[in-house]
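A.B. asks: predicted model follows, preceded by the sequence.
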Amino acid sequence: MDKLVVTGGNKLKGRVVISGSKNSALPILAATLLTPEQCIIHNVPDLSDIRFMLAILRFLGAEVTFENSTVTVKAEKIQSETPYDLVRKMRASICVLGPLLARSGEAIISMPGGCVIGDRPIDIHLRGLEILGAQVTTEGGNVLARASKLRGTDVYLGTKFGSTVLGTDNVMMAATLAEGVTNIESAACEPEVKDLAEFLNKMGAKIRGHGTRRIEIEGVKSLHGVEHTVIPDRIEAGTYMIASLITKGEVTVENMEPAHLNNFIERMKSCGAVFRTGPNWITSTVPRELSSLDVVTETFPGFPTDMQAQVCALMSVTPGISVITEKIFPNRYMHLPELKRMGAKIDLEGATAIITGVPGLSAAPVMASDLRASAALVLAGLVAKGKTEVNRVYHIDRGYERIDSKLRALGAEIERVK
Ligand code: EPZ
């Protein structure tokens, strides 16, 4: 099991190129199941989650290649049962459900297990597909969905936490081949959902309103092969922006879309960060000590839950009292006990973390638990006194392409130890 060893104290400077978005590439790869023709997808990050998805597509019968960030998929003949041992490892594999059902009239997929950031229900996914006419049953930990014909209609996809990203993706993909028009109310507006809709429209789908709470999909008979470039990963970009702020350095993230991080940027400005912004780059600096911050995570365009752990690390070493409220995954605080081992002063009241900034953190061996919590621990290690060992680094490899070499190129002292 690899670990990352980070020696704190260096200011990060320089430029880092942001990779393609994991959370856009995963549903787009699933969408290739909707056509027997070849799809070519560029700017795909080389991550373990991506390789899991490619293995699932191959298991289903698709021909798949992946080199130099370009994936080709040709799902000419596919079967409809997904491999349990692969699906259970990655929640996002649930997004093959909609395409499989629409393409072959049935789909068998194991219920995604929970994970450390909390229970990961799929009740809204299944309800949405049933409303489109699917018969959905669950047995032996598997979901069985069948539909001789899907029929377009109105589908409300709100959860008590707001909208669902992959739930919107699943229903939208299924609706592309349904008979008639589907209106999704309370749809997710994340840039990754919009990117999927653009991909589907290039395949011949008729989708409007993507990026807003109401998406209209007019069903078509079939979809064709397509070439597409995935949007940049806004969460990777935000993570390196925080690396610049926490080390009081001067890092420019390149090949990213500033508009995908508006809320995050505004909140960082409100506590003293100064940004220089271009069409596809941002330089992050801290001219003077940052001040504390109140943040509530929300669905897009609100503050992204996927940036919550990283901001907790930053606020741990920012003077004053910061209040972070997690409204999407109330249990997404596995990083807090680890940050406290490094000297952070944090109290958790329900889904609210109250962080009292300390002058500095001290290195400690810490345990990564989920993708973004691991990133937060690496960020803390960049400023902690001494060598911080972040164990179970496979979590971080799920969502950050070559994080050690990218950080080393910015001046961080970090090495990967077998
Ligand atoms: C996507 O997960 C992302 N993953 C997550 O990123 C991200 O944190 C999340 O959206 C929220 O933005 C991918 O895109 C692959 P949800 P998803 O359905 O779609 C509840 C990362 O770090 N809910 O939007 O699975 C759910 O429990 C990952 O890259 C239901 O109640 O999340 C949660 O509280 C982590 N019933 C809330 O909705 C359902 O049927 C939002 O979840 C579905 C969801």
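C.D. replies: Thanks, I have the structure now. Computed from a predicted structure; not experimentally measured.

A.B. asks: so where's the stretch 51-200 of the chain uncertain?
C.D. replies: 113-115 (pLDDT under 70).

A.B. asks: can you list the residues of it near the ligand?
C.D. replies: Counting by Cβ under 6 Å from any ligand atom, the stretch 51-200 of the chain comes close to the ligand at 91-92, 120-125, 159, 161, 164-167, 192. Bear in mind the C-beta positions are built from the backbone N, C-alpha and C, glycine included.

A.B. asks: just the buried subset of the residues you listed, written out for ChimeraX, thanks.
C.D. replies: Under the burial definition 16 or more other Cβ atoms under 10 Å, those of those that qualify are selected in ChimeraX by:
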select :91,92,122,124,125,164,165,166,167,192
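
A.B. asks: just the residues of the stretch 51-200 of the chain next to the ligand: which are in strands?
C.D. replies: Counting by DSSP state E, these place T159 in strands.

A.B. asks: and the furthest pair within the residues of the stretch 51-200 of the chain next to the ligand?
C.D. replies: Using Cβ to Cβ, the two most remote members of these are D123 and E192, lying 21.3 Å apart.

A.B. asks: check contacts around N280.
C.D. replies: 232, 254-258 (Cβ atoms under 8 Å, 6 or more residues apart in numbering).

A.B. asks: the closest residue to P191 other than its chain neighbours in helix, strand or coil?
C.D. replies: Distance criterion Cβ to Cβ, 6 or more residues apart in numbering; nearest residue to P191, sequence neighbours excluded, is H260 at 4.8 Å. For H260, the assignment made with DSSP: H, G, I helix; E, B strand; the rest coil gives helix.

A.B. asks: how many other residues sit next to H260?
C.D. replies: Neighbours of H260 under the rule other Cβ atoms under 10 Å: 24.

A.B. asks: do you know how far it is from the ligand?
C.D. replies: Distance of H260 to the ligand, given as Cβ to the nearest ligand atom, to the nearest Å: 13 Å.

A.B. asks: how about the contacts made by that residue?
C.D. replies: 191, 231-232, 234, 237.

A.B. asks: which of these lies closest to K74?
C.D. replies: When the contacts of H260 are compared against K74 (criterion: Cβ to Cβ), the nearest one is I231, at 23.4 Å.

A.B. asks: look up phi and psi at that closest one.
C.D. replies: Backbone torsions of I231, given as degrees, to the nearest 10, read phi -70, psi 160.

A.B. asks: from what I can see it touches S24, true?
C.D. replies: Yes. Between I231 and S24 there is a contact under Cβ atoms under 8 Å: 5.3 Å.

A.B. asks: got the contact list for E326?
C.D. replies: 297, 305, 308, 332-333, 351-353.

A.B. asks: among these, which lie within strands?
C.D. replies: Per DSSP E, these map to strands at 352-353.

A.B. asks: export the contacts of E326 to JSON lines and tack on neighbour count, distance to the ligand and pLDDT?
C.D. replies: Output for those, formatted as JSON lines (neighbours: other Cβ atoms under 10 Å; distance: Cβ to the nearest ligand atom, whole Å; pLDDT from 0 to 100):
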{"residue": "T297", "neighbour count": "23", "distance to the ligand": "9", "pLDDT": "98"}
{"residue": "T305", "neighbour count": "19", "distance to the ligand": "5", "pLDDT": "98"}
{"residue": "Q308", "neighbour count": "26", "distance to the ligand": "9", "pLDDT": "98"}
{"residue": "R332", "neighbour count": "24", "distance to the ligand": "8", "pLDDT": "96"}
{"residue": "Y333", "neighbour count": "24", "distance to the ligand": "14", "pLDDT": "96"}
{"residue": "A351", "neighbour count": "17", "distance to the ligand": "11", "pLDDT": "97"}
{"residue": "T352", "neighbour count": "16", "distance to the ligand": "16", "pLDDT": "98"}
{"residue": "A353", "neighbour count": "27", "distance to the ligand": "17", "pLDDT": "98"}
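
A.B. asks: which pair of the contacts of E326 spans the longest distance?
C.D. replies: Of all pairs drawn from the contacts of E326, the widest gap by Cβ to Cβ lies between T305 and T352 and measures 13.8 Å.

A.B. asks: before we move on, the earlier item: and I231 and S24? Which one has more around it.
C.D. replies: Higher neighbour count among I231 and S24: S24, with 29 against 22, using other Cβ under 10 Å.

A.B. asks: so what pLDDT did that one get?
C.D. replies: Looking at S24, its pLDDT reads 98.

A.B. asks: quick check: it touching P191?
C.D. replies: Yes. The pair S24 / P191 is scored as a contact, 7.3 Å apart, by Cβ under 8 Å.

A.B. asks: list residues touching both of these two?
C.D. replies: Shared contacts of S24 and P191, defined by Cβ under 8 Å, 6+ apart, comprise I231.

A.B. asks: now the residue nearest to P191: how far from G238?
C.D. replies: Using Cβ to Cβ, to the nearest Å, one obtains 9 Å as the distance from H260 to G238.

A.B. asks: quick one: the strands in the stretch 201-350 of the chain?
C.D. replies: For the stretch 201-350 of the chain, the strands defined by DSSP state E, counting those that start in this stretch occupy 206-208, 215-218, 227-229, 250-254, 274-277, 281-285, 294-296, 321-325, 345-349.

A.B. asks: can you tell me which of those is nearest to Q38?
C.D. replies: Judged by Cβ to Cβ, the one of the strands of the stretch 201-350 of the chain that comes nearest to Q38 is strand 227-229, at 9.3 Å.

A.B. asks: hmm, I355 is touching C312, no?
C.D. replies: Yes. Counting by Cβ under 8 Å, I355 touches C312, with 6.4 Å between them.

A.B. asks: what is in contact with the two at once?
C.D. replies: Contact with both I355 and C312 is made by residues 324, 346, according to Cβ under 8 Å, 6+ apart.

A.B. asks: element containing the residue of the chain positioned farthest from its centre?
C.D. replies: Most distant residue from the mean C-alpha position of the chain: S148, 32.5 Å away (Cα atoms, centre = their mean). According to DSSP states H and E, S148 maps onto no helix or strand at all.
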